[in-house]
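Enquirer: prediction below, plus the sequence it came from.
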Amino acid sequence: MKNKTIAYAPASIGNVSLGFDVLGAALEPVDGTALGDVVEVQQADAFALHVAGPFAHKLPADENTNIVTHCYEHFIEACVKYGHATHPLAMTLHKNLPIGSGLGSSASSIVAAFHALNAHFDSPFKQDELLHMMGELEGQISGSIHYDNVAPCYLGGMTLMTGQSSPVTVALPLMENWYWAICYSGISVSTSAARDILPKTVDLPDALTFGRQLGVFVHALYANNEQLAASVMQDVIAEPYRKSLLPGFDEARAYSMEHGALAFGISGSGPTVFAVCRDQAQAQHIAAWLDNNYKQNEDGFSHVCRIPQAGVQQQQG
Ligand SMILES: Nc1ncnc2c1ncn2[C@@H]1O[C@H](COP(=O)(O)OP(=O)(O)OP(=O)(O)O)[C@@H](O)[C@H]1O
Ligand SMILES: N[C@@H](CCO)C(=O)O
């Protein structure tokens, strides 16, 4: 067992427009910004959670309501159930991602927490076992289990959920030259509220479009056909309802598409938006425009990102 274990878990895009709840991608800013939460664990006499970082003050003051505390309790219960030895830990969460941002903020805390806990105790649980725990904890927050943030955050890349208990998710090929301009507007959108406004059933034409788009997208990634892949990146499930929660969304889409973006959409449940760009210069231009025009307040930010191959990463203590 290690004295101190530290894990960094990246931001992620849920849905990627065309894959509601079943498609997600990790994010890595090209300028080296660490866009993700960090969790440290260390042996202690009793459990304690300390919260730090730029968005710590936006979390509930009571550490018992922090999802990281719930991850610890869940992990220890699982260890007891399966006969793995444990001891109490002190944990620190560096809350670097804004809450209710659409960047997979709770997923980032959850993945960093479970990875640090598992590594600290010499990996008693395997990948899919941990993913199930992560999905369950994410479901406690958003109201239903979905893996489209926790899976890419944990494993990196762009991942498609299988609906199976193992493998929970499979990796998809990436378009080598795509850059993702992302902008968080600075307001908070609750994922559970953004799920509650969606209709409970989907019309047949939309169901057919959803299936066709997802199938064509996966084919186009394997065929390395950028135009075909981008042509089906449209959201027929959530965006028509959610965009009313996002001031300036239509203008941001119109500007991005007029300036060459291949696709544009809501990241997760928003308010973060993304534009898929052919090269870094185009992404820088669109990110700068979004920064000046889509951002609503000083909490907002924009980045040019790539999709990293790696997800959660262990750091030196
Ligand atoms: N460590 C944590 N990180 C983020 N949210 C937390 C954490 N602990 C508790 N919460 C609570 O969970 C809820 C998170 O809400 P929500 O799912 O809308 O945000 P999110 O995960 O940040 O969203 P998104 O996936 O869109 O980035 C908030 O009520 C927040 O106070
Ligand atoms: N698939 C989830 C992602 C939330 O970040 C949703 O759109 O509700």
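Expert: Thanks, I have it. Ligands and ions are numbered 1, 2, ... in the order given.
Enquirer: before we move on, which element is whichever residue of the chain sits closest to ligand 2 in?
Expert: Nearest residue of the chain to ligand 2 (CB to the nearest ligand atom) works out as G268 at 2.7 Å. Every C-beta, even on glycine, is put in place using the N, C-alpha and C of the backbone. Using DSSP states H and E, G268 sits in no helix or strand.
Enquirer: from R278, how far out is it?
Expert: 24 Å (CB to CB, to the nearest Å).
Enquirer: so between these two, which is more surrounded?
Expert: A direct count of neighbours by other CB atoms under 10 Å for G268 and R278 places G268 higher, at 30 against 16.
Enquirer: what sits opposite the closest residue to the more buried one other than its chain neighbours in the beta ladder?
Expert: Sequence neighbours aside, G14 is the residue nearest to G268 in space, at 3.6 Å (criterion: CB to CB, 6 or more residues apart in numbering). Residues in a beta bridge with G14, per DSSP bridges, are G24.
Enquirer: any idea how far G14 is from T191?
Expert: Distance from G14 to T191, by CB to CB: 9 Å.
Enquirer: cool, L93 as well?
Expert: Distance, L93 to T191, using CB to CB: 19 Å.
Enquirer: again, but for F20
Expert: On the measure of CB to CB, F20 and T191 end up 13 Å apart.
Enquirer: for the two, indicate the residue with more neighbours.
Expert: Using other CB under 10 Å as the criterion, F20 and T191 rank with T191 on top: 25 against 20.
Enquirer: would you map the strands across the stretch 151-300 of the chain?
Expert: Using DSSP state E, counting those that start in this stretch, the strands of the stretch 151-300 of the chain run over residues 158-161, 169-172, 179-184, 263-266, 273-277.
Enquirer: same for the first one, what does it pack against?
Expert: If I follow you right, that is strand 158-161. Secondary-structure packing of strand 158-161 (3 or more CB pairs under 8 Å, 6 or more residues apart in numbering; DSSP states H and E): strand 23-26, helix 150-155, strand 169-172.
Enquirer: what would these look like in CSV with distance to ligand 1?
Expert: Below are these laid out as CSV (distance: least, CB to the nearest ligand atom, whole Å):
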stretch, distance to ligand 1
strand 23-26, 10
helix 150-155, 10
strand 169-172, 17
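Enquirer: correct me, but F125 touches A78?
Expert: Yes - with contact defined as CB atoms under 8 Å, F125 counts as touching A78 (7.0 Å).
Enquirer: overlap in contacts of these two?
Expert: Taking CB atoms under 8 Å, 6 or more residues apart in numbering as the contact rule, F125 and A78 both touch M133.
Enquirer: if we can go back for a sec, okay if I get the helices and strands packed on strand 158-161 as TSV plus distance to ligand 2, mean neighbour count and mean pLDDT?
Expert: Below are the helices and strands packed on strand 158-161 laid out as TSV (distance: least, CB to the nearest ligand atom, whole Å; neighbours: other CB atoms under 10 Å; pLDDT from 0 to 100):
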stretch	distance to ligand 2	mean neighbour count	mean pLDDT
strand 23-26	8	29	98
helix 150-155	10	31	98
strand 169-172	13	18	98
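Enquirer: report the buried residues of stretch 284-297.
Expert: Residues 284-287, 289-291, 294-295 are the ones in stretch 284-297 that count as buried (16 or more other CB atoms under 10 Å).
Enquirer: the residue of the chain positioned farthest from its centre: which element?
Expert: The C-alpha centroid of the chain is most remote from D45, which lies 33.1 Å away (CA atoms, centre = their mean). Here D45 sits in a region with no helix or strand, counting by DSSP H and E.
Enquirer: same thing with D148?
Expert: Here D148 is assigned to no helix or strand, by DSSP H and E.
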